[in-house]
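J.: only geometry, no sequence info:
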């Protein structure tokens, strides 16, 4: 495919030498001598005045200076020391070679695709005795096409044509748009459904993008969808973003100058989210190079020029020539060039102007003083100095001032192109694509004359839909012009060529564009094993893949008279307005804050001093009143206060309502993209598989904090929603206190398969009345799953979604779990009895039965991990998928609950999610003789679980082992060890108490130093004498 092989993205644009000196051919020297003689006669003619001659020489020297500044040497030294002169055309400029100019190649992108292709081929062999991955082709791949609106334009025409081909080769397509429009009926005509998305920049789009194998986004205005796809779980959905507007690239310098870094980083983040960013022209990746993260690609071709030509023809003014200042008899020639700027452009225009001089003699003069020939050079890339030099060149070759004109304004260029009779492509630069300016000229019905460049000769035929001249001999251009111009007008043959060129331009490069997108989807989109691969594009009708679908737009073409500039800039204006509002709000807040700080500085200082004094007084008061205690008592009281505060914070209204319920249904999710699909009632509770994507303010469970294994991104992806099962079962009494437990995938809500209010009420009634006993209630059936349109039975469907290796994987895992001989390959029977099975992890169980199921699942997942970890973790390839897959065996685990419930003799009841009607599946009496009850009994599983726990607790093996990381490690020895530890602690406390008493008794006491005698009272003479009477 030409568009992908020659296209270019990824590596920074490199400029190859545009002008290289090479030895000119020997022929053509006479032409150079003739050119020199004409120049000499012109300069030394007597008709030229002295001042005019001086000005001409000054202009000529200026041109020479410019050439010397931008071009390599004017001649090449021969080995013998001599110089060689040139011949006619480019050879007259002494052998200048213009090379291939700027080339844009997606080097890293192509290398990545090649590497993925090699890895896919190398991983096609089977693993561990299983067969090679097989594709079943149960359904078609599904693509989503996203547009900003459904108004008729060239983009809609292109995507309708591409979608028609995609549907023909085997894709299913759905269209999403932010605004409705007339093209809605066109999509319905080709059998494509259309949905209107809410106009918002927040993540409020309630579409499960995981249902789509790829998303094709058109236009910069569709950025709100890119913002939604930046969040998990949609970050890995392949996105192809087609950008045809240049408006954002023209704003980048303004954003950088104004310091709008956040605005730039937001756009850069959006560009990096796309798997591939597709541009229709090779110059656009260079314009958006600031956002390039090696995901740019060019698929050239678009009906934009033909569409604009048709639209302008309906609005064309009959007196456009007169409005622009030209006469009706004027013969207008437009000289256009490459969209790239390079140093050889001036000399190319000089050669073209010299080749046009013979027309001065053929075309008549008006009023004997003004020529009817008008030449416009449409080159917006020329600088003011270059334009001055070009005017001097035009005068030198013989054109008066009124004939040659430089046109640089876009609108003036378009108007001049409309009135031109001939369009000459005046660039000799070899490019990678057919020039858009020539496609515009052909679409307008203009006679195109161009050099025989490779990319031009590939799409037009000389003399049939355009005229080509040799770039090595520009003098052939004069011969072509003399042939196509007759009596001041185009000849009849030239008019026929122009008419054929217009018809040819309507579908020019349509094949390359359509095949480019088909090939790109083959490289970007990875199809699961249940999806049928698309057919080769060569098998569809030729007309469908080589033409745009113009017929579908015949009845709505009159509705496209809209303000194109308004449509082009409306998203940019919206984004800038929101950014400016945020900045102005922040600025005004900071201004008010600064003003307040100046006005109330003294008052604030007084308040701060008073507050400080008040705090000190309160602290002193607390210190005086607070009783003293040990540090241990302070620590316990602080922890008690923290626990009380946390419990008070967590117990919101939904938690209080949930406490008295029999059932709690948990909704595992990963990332902000799943938030719109989660329920807000007390019956449901979210389980965030990652702490980063949890809902703020919600009473959700952080699964990664309860099970550290989920902090590992590998196991979070490979386990999927099973990670929530293991996290809740780990010390379940701390978070779940209900008798029944249930789970519902957020994708069930996205598919409108979640329980209705009526179904919830009937399910709770059946649980309360224990109508079915220990049963598994489920509400999403296998036979209604969109992945199973052919209604396959259990094991066939499991094989279909697991690359044909489901049976082998389950048999091998069970053999390892139960330690059976190597030649055992039996499978638990899952009969096809007309009933259905559960999918998408949407079921309800008694909490006790759930713990038993988790006990079985932990052992199963452990052996599954031992079987697939080495290859999957190192290479990314899993024997249960066709390509690199982060989920690996998560699709197999999705069906595991059915195997356990069936063979553990539990009832399985289907609940209609809308009406709540219940129907028992696979009745117990029909299962007799088919269940593996001893294998799945609680006693058997508990014994196996304790054996693993004893090994992990006692032996502590040093091998990589997943089982201890998936939950609690509990066996009989753990209880005995805990009892012994409690007894030892009790004995230790008794011994410490005895030791303390012994120390108190043996404490040394100080003897009394003396006896205190109370002195006699005052007035007593002698207390030791007796009174006589």
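T.: Received it, and whenever you're ready, just let me know what you need. Nothing here was measured: the structure is a model prediction, and the numbers come from that model. Numbering: from 1, shown residues only.
J.: If you tally nearby residues, what's the number for the residue lying closest to residue 775 once chain neighbours are set aside?
T.: Take residue 775 and drop its neighbours on the chain: the residue closest to it by Cβ to Cβ, 6 or more residues apart in numbering is residue 907, 3.8 Å away. Every C-beta, even on glycine, is put in place using the N, C-alpha and C of the backbone. Around residue 907 there are 17 other residues, counting by other Cβ atoms under 10 Å.
J.: The one 3 residues further on now?
T.: The tally of other residues near residue 910 (other Cβ under 10 Å) stands at 20.
J.: can you pull out the helices in the stretch 251-400 of the chain?
T.: With DSSP state H, counting those that start in this stretch as the criterion, the stretch 251-400 of the chain has helices at 261-273, 284-287, 304-314, 320-323, 345-356, 358-362, 384-397.
J.: Just tell me which of these ends up closest to residue 761.
T.: Relative to residue 761, the nearest member of those by Cβ to Cβ is helix 261-273, separated by 42.2 Å.
J.: how about the closest one: buried residues?
T.: Neighbour counts over helix 261-273 (16 or more other Cβ atoms under 10 Å) mark 263-264, 267, 270-271, 273 as buried.
J.: out of these, who's nearest residue 454?
T.: residue 271 (31.5 Å).
J.: do you know how far the closest one is from residue 252?
T.: To residue 252, residue 271 is 12 Å away according to Cβ to Cβ, to the nearest Å.
J.: Show the pLDDT at residue 166.
T.: With respect to pLDDT, residue 166 scores 96.
J.: Report the contact partners of the closest residue to it other than its chain neighbours.
T.: Nearest residue to residue 166 in three dimensions, chain neighbours excluded: residue 173, at 6.0 Å (Cβ to Cβ, 6+ apart). For residue 173, the contact set (Cβ atoms under 8 Å, 6 or more residues apart in numbering) comprises 142-145, 163, 166-167, 192.
J.: Go again with 7 Å.
T.: 143, 145, 163, 166-167, 192 (Cβ atoms under 7 Å, 6 or more residues apart in numbering).
J.: Just give me the closest of those to residue 248.
T.: residue 145 (21.3 Å).
J.: tell me the SS of the closest one?
T.: Of the three states, residue 145 takes strand under DSSP: H, G, I helix; E, B strand; the rest coil.
J.: Residue 656 now?
T.: What three-state DSSP gives for residue 656 is helix.
J.: what about it, how many neighbours?
T.: By other Cβ under 10 Å, 10 other residues sit near residue 656.
J.: what ranges do the strands span in the stretch 601-750 of the chain?
T.: Shown for the stretch 601-750 of the chain, the strands assigned by DSSP state E, counting those that start in this stretch span residues 663-669, 684-688, 701-702, 740-743.
J.: Let me have those strands in a markdown table, extended by mean neighbour count and mean pLDDT.
T.: Listed next are the strands of the stretch 601-750 of the chain as a markdown table, based on neighbours: other Cβ atoms under 10 Å; pLDDT from 0 to 100:
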| stretch | mean neighbour count | mean pLDDT |
| --- | --- | --- |
| strand 663-669 | 24 | 95 |
| strand 684-688 | 23 | 94 |
| strand 701-702 | 18 | 93 |
| strand 740-743 | 23 | 96 |
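J.: can you redo the ones you listed as CSV with distance to residue 408?
T.: Below are the strands of the stretch 601-750 of the chain laid out as CSV (distance: least, Cβ to Cβ, whole Å):
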stretch, distance to residue 408
strand 663-669, 56
strand 684-688, 58
strand 701-702, 62
strand 740-743, 66
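J.: quick one, which of those is nearest to residue 926?
T.: strand 740-743 (25.6 Å).
J.: Residue 257 versus the nearest residue to residue 445 once chain neighbours are set aside, what's the distance?
T.: Counting by Cβ to Cβ, 6+ apart, residue 502 is the residue found nearest to residue 445 once chain neighbours are left out, at 4.2 Å. Distance of residue 502 to residue 257, given as Cβ to Cβ: 43 Å.
J.: So for those two, which sits in the more crowded spot?
T.: residue 502 (18 against 8).
J.: got a list of what that one touches?
T.: Contacts of residue 502 by Cβ under 7 Å, 6+ apart are 442-443, 445.
J.: next helix or strand past the strand or helix carrying it?
T.: Element membership of residue 502, judged by DSSP states H and E, is helix 492-505. Downstream of helix 492-505, the next assigned helix or strand under DSSP H and E is helix 510-524.
J.: Packing partners of that next one?
T.: Here helix 510-524 touches helix 2-5, helix 154-169, helix 542-546, going by 3 or more Cβ pairs under 7 Å, 6 or more residues apart in numbering; DSSP states H and E.
J.: For that helix, what does the pLDDT average out to?
T.: Helix 510-524 comes out at a mean pLDDT of 95.
J.: likewise stretch 172-187?
T.: Here the average pLDDT along stretch 172-187 is 95.
J.: Straight-line length of it, end to end?
T.: Chord length of stretch 172-187, first to last residue, is 13 Å (Cα to Cα, to the nearest Å).
J.: So the residue nearest to residue 445 versus residue 440, what's the distance?
T.: 11 Å.
J.: just residue 775 next, same as before
T.: 71 Å.
J.: pretty sure residue 876 contacts residue 888?
T.: No: under the criterion of Cβ atoms under 7 Å, residue 876 makes no contact with residue 888, lying 9.2 Å away.
J.: Which one's more surrounded, these two?
T.: residue 888 (28 against 15).
J.: out of everything not next to it in sequence, what's closest to the more buried one?
T.: residue 878 (3.9 Å).
J.: Tell me the pLDDT of the one you found.
T.: pLDDT at residue 878 comes out at 90.
J.: worst-scoring helix or strand of the protein, pLDDT-wise?
T.: strand 20-21 (a mean of 34; mean pLDDT, DSSP states H and E).
J.: Am I right that the residue nearest to residue 166 falls within a helix?
T.: No: counting by three-state DSSP, residue 173 is not found in a helix; it is strand.
J.: Please identify the helix or strand for residue 984.
T.: Going by DSSP H and E, residue 984 is in helix 972-1001.
J.: on contacts alone, who are the packing partners of that helix?
T.: Using 3+ Cβ pairs under 7 Å, 6+ apart, helix 972-1001 sits against no helix or strand.
J.: Give me the buried positions along that helix.
T.: Of the residues in helix 972-1001, none is buried (16+ other Cβ under 10 Å).
J.: let's number from 58 now, not from 1
T.: OK, 58 is where the count begins now, so the last one is helix 1029-1058.
J.: remind me which residues of the stretch 258-407 of the chain are low pLDDT?
T.: Applying pLDDT under 70 to the stretch 258-407 of the chain flags the ranges 258-261, 371-375.
J.: ranges for the strands of it?
T.: Counting by DSSP E, counting those that start in this stretch, the strands of the stretch 258-407 of the chain are 271-275, 296-299, 333-336, 353-355, 388-393.
J.: how about those in JSON lines, adding mean neighbour count and distance to residue 748?
T.: Formatted as JSON lines, the strands of the stretch 258-407 of the chain follow (neighbours: other Cβ atoms under 10 Å; distance: least, Cβ to Cβ, whole Å):
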{"stretch": "strand 271-275", "mean neighbour count": "24", "distance to residue 748": "28"}
{"stretch": "strand 296-299", "mean neighbour count": "25", "distance to residue 748": "26"}
{"stretch": "strand 333-336", "mean neighbour count": "24", "distance to residue 748": "32"}
{"stretch": "strand 353-355", "mean neighbour count": "27", "distance to residue 748": "35"}
{"stretch": "strand 388-393", "mean neighbour count": "24", "distance to residue 748": "59"}
